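**Student:** give me a 3D structure for the following:
(chains A, B, C and D)
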There are 2 protein chains.
Amino acid sequence: MTAERYTEGLDFILDLTSGVPYYRQVIKQVEMAIADGRLRKGSKLPTVRSLAVHLQINPNTVARAYNEMEIRGIVNTQQGTGTFISDKKIDLSLEERANILDSLVRSFLANASAYGFVVEDIIGHLDTLKEDVKI
Amino acid sequence: MTAERYTEGLDFILDLTSGVPYYRQVIKQVEMAIADGRLRKGSKLPTVRSLAVHLQINPNTVARAYNEMEIRGIVNTQQGTGTFISDKKIDLSLEERANILDSLVRSFLANASAYGFVVEDIIGHLDTLKEDVKI
DNA sequence: CTTCTTGTACTAATAACATAATACAATATT
DNA sequence: AATATTGTATTATGTTATTAGTACAAGAAG
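**Tutor:** Now for the predicted structure:
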């Protein structure tokens, strides 16, 4: 399968029941893979057509995800070649960085609390995620 | 605020970035609250109008969530009175609970990675927050 | 009884999403 | 050079989600 040409350990899956649009799920999975180290600068993503076959969706839907990621600077795409993770650098001072992180985390904790989760739940789950990636 | 009339400790929050339809988020949050005991038979939910104001969405959207929950037997609603949790048991397995948490965490990580944060950053900050809360 | 509060119903409009189909342009391979 | 692979663009169609606005019916409160 041509999908083998992209980074090992990266497997796209769609959750058909979540109500989250498909293209968003693709974007989020790429972002996740970047966050936990499975994808890095220069890594090649599966082609539009192969990922569409893999996920059993229309190529245009994959193309939409890739296009949006390019607009956001997450990837570089080139006709005839493919799509690669960019080296997008986020220039923030340490202080700005800390402020944004704090804001993101607090917002997330609030949201999680609406479902009844507490900090320990989150930390436990993140530790588990991290262990999974290590294998 | 009229929302005070419903069960203490229950707070609805929408994640505008996850792509999950709003009405589904409301339903899921009610289900979680029932499963972990924050809501029980007879507990009153906020009115359609008050929750709509609280969440800054259209009342019809809340009404949709409430209507679907009534169809599924989760709540009983009565015009002129309000909406109450039914006596239907909702048992979420540990796995289902973990899936919900996983979905929340992944969506958050994807957002965070757009700012250049990685899992270790998040865990570190959560540990820090956890220490703060202890004090 | 009157007024207020509550959920219900309905219509119309808009935006977003996903698909199918097709064709073209740029790059890579043979 | 010819062919294959890759992303891009476009049009049209259908479905879903959300909103706004309005009105009605049922229950609660005064």
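**Student:** heading C-terminal from the longest helix seen in chain A, find the next helix or strand.
**Tutor:** Longest helix of chain A, by residue count under DSSP state H: helix A:94-113. Going down the chain from helix A:94-113, the next helix or strand is helix A:119-134, by DSSP states H and E.
**Student:** and for the residue nearest to A:Arg72 when sequence neighbours are not counted, the neighbour number?
**Tutor:** Nearest in space to A:Arg72, with sequence neighbours left out and distances taken as C-beta to C-beta, 6 or more residues apart in numbering or on different chains, is B:Ala114 at 7.1 Å. All C-beta spots, glycine's among them, are computed from the backbone N, C-alpha and C. B:Ala114 sits with 21 neighbouring residues when counted by other C-beta atoms under 10 Å in any protein chain shown.
**Student:** so what's B:Ala114 up against?
**Tutor:** Going by C-beta atoms under 8 Å, 6 or more residues apart in numbering or on different chains, B:Ala114 touches A:Glu31, A:Arg72, A:Ile74.
**Student:** roughly how far does the first one sit from B:Gly37?
**Tutor:** Here the criterion is C-beta to C-beta, to the nearest Å. By it, A:Glu31 lies 34 Å from B:Gly37.
**Student:** comparing those two, which residue is more hemmed in?
**Tutor:** A:Glu31 (22 against 8).
**Student:** element containing that one?
**Tutor:** A:Glu31 is part of helix A:22-35 when elements are defined by DSSP H and E.
**Student:** give me the helices and strands touching that helix, please.
**Tutor:** Using 3 or more C-beta pairs under 8 Å, 6 or more residues apart in numbering or on different chains; DSSP states H and E, the elements in contact with helix A:22-35 are helix A:48-55, helix A:59-71, helix B:94-113.
**Student:** near DNA strand D at all, that helix?
**Tutor:** No. Using C-beta under 7 Å from any atom of the strand, helix A:22-35 stays clear of DNA strand D, coming no nearer than 11.5 Å.
**Student:** where does A:Asn76 land in three-state SS?
**Tutor:** The three-state label given to A:Asn76 by DSSP: H, G, I helix; E, B strand; the rest coil is strand.
**Student:** count the residues that sit near it.
**Tutor:** Count around A:Asn76 with other C-beta under 10 Å applied: 17.
**Student:** and for the one 3 residues further on?
**Tutor:** Burial of A:Gln79, expressed as a neighbour count using other C-beta under 10 Å, amounts to 5.
**Student:** present the helices and strands packed on helix A:22-35 as TSV; the columns should include distance to A:Gln78.
**Tutor:** Below are the helices and strands packed on helix A:22-35 laid out as TSV (distance: least, C-beta to C-beta, whole Å):
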stretch	distance to A:Gln78
helix A:48-55	12
helix A:59-71	10
helix B:94-113	23
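**Student:** A:Leu104: which of those is closest?
**Tutor:** Each of the helices and strands packed on helix A:22-35 has some distance to A:Leu104 by C-beta to C-beta; the shortest is helix B:94-113, at 5.5 Å.
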